[in-house]
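[1] Show me the folded form of this:
(2 chains)
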Amino acid sequence: MSNLIKNEFSKIFHKKAIYIICIIMFLIIGVNDYFMNKYSEEEMPKSYITENLEYMQEYLKTLSPDNPNQKEEYIITQTQIDLLSLQTKYDTNSWQFNVIDSELYDYVYNLNMHKYATEKNEEAINQAQQEYDKIVEKLDADDWKYFANDKLKIAQEELKTLQEQKANTQDTVQIKELDSQIKAAENNVEILKLRIDNDISYANSYKNTAINNYQKALLFLADYDTEKEHTYEEQKEYNEYLEQREINKYIIETGTDVYANNTLSYAIKSLYSSGGGFIIFAVLVGIVIAGTIVSDEFSKGTIKMLLIRPYSRTKILASKYIVSLLMILFIMIVMLIGQLLIGGIIFGFDTLNNPVIIYNFETQQIQNVGVFAYAAMQAVAVIPSCILITTLAFAINTLTNNAPLSIGLPLIGYMNYEVINQLIQMAIEAKKFEFVKYFVTEHWTFENFLFGGLPGIQGFTVATSLLICAIYLVIMLIPTFIYFKKENIKNI
Amino acid sequence: MENIILRCENLDKKIRKKQILKNVSVELYEGDILGFIGPNGAGKTTTIKLILGLQGITSGKVEINGYDVEKNFEKAIKQVGAIVENPDLYMYLTGFQNLKLISNLYKNVDNNRINEVVKLVGLENRINDKVSKYSLGMRQRLGIAQAILHKPNLLILDEPTNGLDPEGIKEVRELLLKLAKEEKMAIFISSHNLAELDNFCNKICIIKNGQIIETNTISELKKETQIPEYIIEVDNTKKIKTLIQNAELIDKNYFKIAIQKENIPFIVKQLVNNDISIYSICEESLTLEDAFIKKTGGNVIE
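    As a prediction, this is how the structure comes out:
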């Protein structure tokens, strides 16, 4: 048997196909790493702003401030034009750019409202203009803390009034309402303090992103009532935000850029992830090998030379199947070595030290996982999908002897399995055709289960999902082996 | 008594409702070379496939070295070497790599044995070339090499001289004779090229429409189907008919006569006495082909 396996490997490695796939894989890894490194932070091109500005100006020409029906629209458009033209002065990554977006609208709108009022009030215009000028001055002075402190002051005042309101009311419904508002205000204060204390400006940076996401997570979690009954989707979303909160908090507190994708550790970490990783190459190799390993022997007539050796047909087919599966493992190892070298050269080998931080739902704690340990766990979690899709290719190939069919069908299936999963989720939500929840694609990766996460479909465990995978595997393999054992070798 | 190596008993093969083989029985002893002949579509390759376990047997059984090929496949096939249809080898590998793959599947075959076999089939100069660069004749030799690599005692060859030039055919024939004699191999050759089996096989088996119609030794087969005929060339055949009753005139110079060898001098004397000049007398030897056509009644696929 081991000799049969050795021979199958020898046949595969004497063909060019495997080397071509490896070279393509390295090229794609290289290109991917290069762009990851070059455009690690997404930058909005300035042309986008100027184009938008031109469009708005054109639009403004069609409006008239004197027409009462168009007045509001005119003011809004004018405000947007003012904001955009102010933004053009600054770099798209600068804090000013972001602040103009998020904070200045009210000031500019106020100014424009007075400017284009039917009855012009010079004093009001002046006052609005002064306020506006002051803000612009702060922008130019590079004083982002002014805005933060300003917002903090407002938030604290709001919190205070809310607390006073609560003290003055007896109505339980209102108290509950106020409680949630107070929570939101407290969160707001906390965020701003965090920003000021940690010196995180509004400029685009991983810290700014982290603080924004942290705020989002806090907002969601504040609204989430754990007492109430929630749908499974909501529970999953809750988990997601829980993770977001903890990890972003970690980023803010420690200042390490956990999500940095221009690092070798990120590249290794995401190497085997089913969404957008390079696992597709393992699947591709598995399918291409399994989808030709039997039919090739038939089409070239060599099957006769193979079957007249002192080995049973079951052993011969089993050796081919085992080799197809081992090739998946082989390509995963090649992939890892390739990414270590290519990524190391592009990102720098020292970036491997960037920690891999995950949130463990079981211990409810942040956990620092070694990058290779993480990759190994990820690999184990996705391997069942590789095995199953390879087995499908193998079964079709043995049963039909048609290589294009046995490569094409599983490949299309694998490429679209996420769509299939979405359809399954929709069916489950709609409570129709609920039996589809047993379909294999929902169970063949175990990434959801890592670190105590929730399964894709409610009620399943690692064991039950594995059982489903095993059932599909057996259903594919039994007819394949029986058919091959009984097959008449026709004239070739 | 020689050892029996291959015994096929009443083989039947049906594919769907079509009867491909009916009651085929063949026996092969140590040192035998069996010519398995029949017109195209008679069931030669199917018989070979049943013997090698490549197709299921509808009824009957095949025993190789005492092992039933269906029940005890691994033991039965262990001492068999074969080429079925074409010598199909891995085109993207070299000749040596092909042999190496096969040698891995047997215990007693090392590189020395491979080199020995390569020399035996005369491929030593090209053994490290890819098979895709081989001519059909070279592939045929490599096919024989892979079949005898593990020193089988039964060699089954399906049209082994296909694509070989006359020189090659002669070489293969000599090689097979040597193997049969020295290694005590039993050889089972199917062919439709009857001329090359003449004077080479010691047994012949004729199959037609899935049924064996004749199993015999070659010499007996020939004896059975003829009294030798002689063609005699003379200056004029006009008077022949009156002199010899059973003469058959071909044209004005040739006539044919069926007589026993010892009677030739009498004929000659008679002709000479009648002033007929004799230019040549030759035996019209019945070739295997003639015997074959006589037996099968031409090539009709039913």
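
[2] need the strands for the chain, in chain order.
    Chain wasn't specified; assuming chain A. For chain A, the strands defined by DSSP state E occupy A:356-360, A:365-369.

[3] ah, no, chain B please
    B:4-15, B:18-29, B:33-37, B:59-64, B:67-68, B:80-83, B:154-158, B:186-191, B:203-208, B:211-217, B:229-234, B:248-249, B:254-258, B:278-284.

[4] hmm, back to that, ranking the strands of chain A by burial, who's on top?
    Highest mean neighbour count of these: strand A:356-360, a mean of 19 (counted as mean count of other CB atoms under 10 Å in any protein chain shown). Backbone N, C-alpha and C define where each C-beta goes, glycine included.

[5] Partner strands of that one, with direction?
    Paired neighbours of strand A:356-360 in the sheet (DSSP bridges): strand A:365-369 (antiparallel).

[6] Extract the C-alpha trace of the strand it pairs with and format it as PDB.
    What follows is strand A:365-369, C-alpha atoms only, in PDB (Å, rounded to 0.1, in the frame of the first residue of the first chain):
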ATOM      1  CA  GLN A 365     -10.700  37.500  28.000                       C
ATOM      2  CA  ILE A 366      -8.300  38.900  25.500                       C
ATOM      3  CA  GLN A 367      -5.800  36.300  24.600                       C
ATOM      4  CA  ASN A 368      -2.500  36.600  22.900                       C
ATOM      5  CA  VAL A 369      -2.100  33.600  20.600                       C
END
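
[7] That strand - what's its average pLDDT?
    In this model, strand A:365-369 has an average pLDDT of 86.

[8] Run through who's touching it.
    Strand A:365-369 has contacts (CB atoms under 8 Å, 6 or more residues apart in numbering or on different chains) with A:246-247, A:250, A:355-360, A:377, A:451.

[9] cool, and stretch B:5-24?
    A:488, B:25-30, B:32, B:43, B:46-47, B:50-51, B:55, B:57-65, B:153-154, B:186, B:188, B:207, B:210-212.

[10] now do stretch A:182-190
    So stretch A:182-190 is contacted by A:152, A:155-156, A:158-159, A:162-163, A:166, A:215, A:218-219, A:222 (CB under 8 Å, 6+ apart).

[11] one more time with 7 Å
    A:152, A:155-156, A:158-159, A:162-163, A:166, A:218-219, A:222 (CB atoms under 7 Å, 6 or more residues apart in numbering or on different chains).

[12] Could I get the buried residue list for it?
    A:182-189 (16 or more other CB atoms under 10 Å in any protein chain shown).

[13] for stretch A:74-85, same thing?
    Applying a neighbour-count criterion of 16+ other CB under 10 Å, one finds A:74-75, A:77-84 buried in stretch A:74-85.

[14] Relative to chain B, which of those residues is nearest.
    Among the buried residues of stretch A:74-85, A:L84 lies closest to chain B (CB to the nearest CB), at 63.5 Å.

[15] Out of the contacts of strand A:365-369, which is nearest to A:K145?
    Using CB to CB, A:Y250 is the member of the contacts of strand A:365-369 that sits closest to A:K145, with 24.0 Å.

[16] ok, that closest one - contacts?
    Neighbours of A:Y250 in contact, by CB under 7 Å, 6+ apart: A:258, A:357, A:366.

[17] again with A:S265
    Per CB under 7 Å, 6+ apart, neighbours of A:S265: A:351-354, A:356, A:371.

[18] how about a cut-off of 6 Å?
    Neighbour list for A:S265: A:352, A:354, A:371 [criterion: CB atoms under 6 Å, 6 or more residues apart in numbering or on different chains].

[19] Which one of these is nearest to A:L423?
    A:V371 (34.8 Å).

[20] just checking, the closest one touches A:I268?
    Yes: between A:V371 and A:I268 there is a contact at 5.1 Å, judged by CB atoms under 6 Å.

[21] which of the residues in stretch B:139-157 are buried?
    Under the neighbour-count rule (16+ other CB under 10 Å), stretch B:139-157 has B:139-150, B:152-157 buried.

[22] For the stretch 101-250 of chain B, what lies in contact range of chain A?
    B:101, B:104-105 (CB under 6 Å from any CB of the partner chain).

[23] hang on, the earlier thing: in helices, which of the buried residues of stretch B:139-157 fall?
    Using DSSP state H, the subset of those located in helices is B:139-148.

[24] How about the contacts made by the residue of the stretch 51-200 of chain B found nearest chain A?
    Of all residues in the stretch 51-200 of chain B, the one sitting closest to chain A is B:D88 (3.3 Å; CB to the nearest CB). When contacts are counted by CB under 6 Å, 6+ apart, B:D88 touches A:300-302.

[25] Single out the residue in the stretch 301-450 of chain A that lies closest to chain B.
    Counting by CB to the nearest CB, the stretch 301-450 of chain A gets nearest to chain B through A:G301 (3.3 Å).

[26] quick one, phi/psi of that residue?
    Here is the backbone geometry of A:G301 (degrees, to the nearest 10): phi 80, psi 0.

[27] Low-confidence stretches in the chain?
    Reading this off chain A. Residue ranges of chain A with pLDDT under 70: A:40-44, A:276, A:492.

[28] Chain B, not that one
    Checking chain B against pLDDT under 70 turns up B:1-2, B:163, B:193-196, B:198-199, B:218-227, B:285-302.

[29] show me the contacts for the most centrally placed residue in it.
    When CA atoms, centre = their mean is applied to chain B, the residue found nearest the centroid is B:G35 (3.1 Å). For B:G35, the contact set (CB under 6 Å, 6+ apart) comprises B:189, B:197, B:201, B:204.

[30] what's the burial count for the closest residue to A:N93 other than its chain neighbours?
    Nearest residue to A:N93 in three dimensions, chain neighbours excluded: A:N204, at 4.2 Å (CB to CB, 6 or more residues apart in numbering or on different chains). Residue crowding around A:N204 was assessed by other CB atoms under 10 Å in any protein chain shown; the count is 19.

[31] mind listing what A:I457 touches?
    So A:I457 contacts A:437, A:442 (CB under 6 Å, 6+ apart).

[32] Hmm, I typed the wrong one, I wanted A:K138.
    Here A:K138 is in contact with A:Y146 (CB under 6 Å, 6+ apart).

[33] Which segments of the chain make up each domain?
    Just so you know, I chose chain A. A:2-40+A:262-486, A:45-142 (automatic domain parsing).

[34] The intended chain is chain B.
    According to automatic domain parsing, the domains of chain B span B:4-223, B:227-285.

[35] Quick check: which of those is buried the most?
    The stretch of the domains of chain B with the highest mean neighbour count (mean count of other CB under 10 Å) is domain B:4-223, at a mean of 19.

[36] Chain neighbours aside, what residue packs nearest to the residue most central in space within chain A?
    Residue closest to the average C-alpha location in chain A (CA atoms, centre = their mean): A:G275, at 7.4 Å. Spatial nearest neighbour of A:G275, excluding adjacent residues (CB to CB, 6+ apart): A:E418 at 7.7 Å.

[37] The domains of chain B into JSON lines, with extra columns for distance to A:D143?
    Below are those laid out as JSON lines (distance: least, CB to CB, whole Å):
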{"stretch": "domain B:4-223", "distance to A:D143": "72"}
{"stretch": "domain B:227-285", "distance to A:D143": "119"}
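
[38] Show me which residues of the stretch 251-400 of chain A are close to chain B?
    A:300-302, A:304, A:307-310.

[39] Sort out which of these are buried, if you could.
    Buried members of those, scored by 16+ other CB under 10 Å, are A:300-302, A:304, A:307-310.

[40] And those, which two are furthest apart?
    A:K300 and A:P310 (21.7 Å).

[41] returning to that earlier point: between the buried residues of stretch A:182-190, which is nearest B:I259?
    When these are compared against B:I259 (criterion: CB to CB), the nearest one is A:N187, at 124.4 Å.

[42] From A:A210, how far out is that closest one?
    As judged by CB to CB, to the nearest Å, A:N187 and A:A210 stand 15 Å apart.
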